[in-house]
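Engineer: just coords:
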């Protein structure tokens, strides 16, 4: 078992079974409110499709398989783009940005966070919404079980490497992940980044000094996560 984000899995099936994309989209819609213009979205593909009922969505993902599936399954999404999110934002003047599905779990160093911050700051934004795994909700030996009529899943916490002294503090968590959904089966070990919400909020207030930062609940229902929303200071 290795640390990977496998293109051999149909992630739409996993997300739909365990993470309620419609509810995630509902939460995001509520937080964005009444806005104009395109929303750059990076997260669960089906969430992009749900959001397209209310917004002009530009769905960005760095997986060719995810992009191909999204193009085939979700024709209502305005644009579907194969790109790293930081590279895309560095050249996009879209006023609204949503990075969800805890994709921040792949940001392992302060340099990774600085890269995404620079991309966001490349143009004025009216709203930025990002979710993060919450360090305070994980501990060694913890098992989080998922179930649905389609099958089951489980995340077992194997190890927690304490937060580094860098700002913001980043904790590396080793997870054993299992999914069994009919023909969709996987078992692997992954290392993901978890964050201290107060440390991350302090860092964002410094890195995005022209923005007001709010600490909010996670976007995914019943998830060990939190989110941060940023809007320009009035």
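Structural biologist: Perfect, I can see it now. Only a predicted model underlies this, so the values are computations on that prediction, with no experimental measurement involved.
Engineer: now the strands for this protein?
Structural biologist: Under the criterion DSSP state E, strands of the chain are mapped to 39-42, 57-61, 79-82, 96-99, 127-133, 143-148, 151-161, 170-181, 184-195, 211-217, 225-232.
Engineer: which ones are touching residue 233?
Structural biologist: Residue 233 makes contact with 210-212, according to Cβ atoms under 8 Å, 6 or more residues apart in numbering. Where C-beta positions appear, they are placed from N, C-alpha and C, glycine not excepted.
Engineer: distance to residue 201 and mean pLDDT added to the strands of the chain, as JSON lines?
Structural biologist: Below are the strands of the chain laid out as JSON lines (distance: least, Cβ to Cβ, whole Å; pLDDT from 0 to 100):
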{"stretch": "strand 39-42", "distance to residue 201": "21", "mean pLDDT": "98"}
{"stretch": "strand 57-61", "distance to residue 201": "25", "mean pLDDT": "97"}
{"stretch": "strand 79-82", "distance to residue 201": "30", "mean pLDDT": "98"}
{"stretch": "strand 96-99", "distance to residue 201": "16", "mean pLDDT": "98"}
{"stretch": "strand 127-133", "distance to residue 201": "10", "mean pLDDT": "98"}
{"stretch": "strand 143-148", "distance to residue 201": "25", "mean pLDDT": "94"}
{"stretch": "strand 151-161", "distance to residue 201": "21", "mean pLDDT": "96"}
{"stretch": "strand 170-181", "distance to residue 201": "14", "mean pLDDT": "95"}
{"stretch": "strand 184-195", "distance to residue 201": "10", "mean pLDDT": "92"}
{"stretch": "strand 211-217", "distance to residue 201": "5", "mean pLDDT": "97"}
{"stretch": "strand 225-232", "distance to residue 201": "7", "mean pLDDT": "98"}
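Engineer: out of those strands, the one nearest residue 9 is which?
Structural biologist: The minimum distance between residue 9 and the strands of the chain falls on strand 184-195, with 5.4 Å, by Cβ to Cβ.
Engineer: ok, and for the closest one, which residues are buried?
Structural biologist: 184, 186, 188, 190, 192-195 (16 or more other Cβ atoms under 10 Å).
Engineer: quick one, it and strand 170-181 angle?
Structural biologist: If you take axes from the mean of the first three to the mean of the last three Cα atoms, to 10 degrees, strand 184-195 sits at 160 degrees to strand 170-181.
Engineer: what helices and strands are in contact with strand 184-195?
Structural biologist: Helices and strands touching strand 184-195, by 3 or more Cβ pairs under 8 Å, 6 or more residues apart in numbering; DSSP states H and E, are strand 127-133, strand 151-161, strand 170-181.
Engineer: great, nothing more from me.
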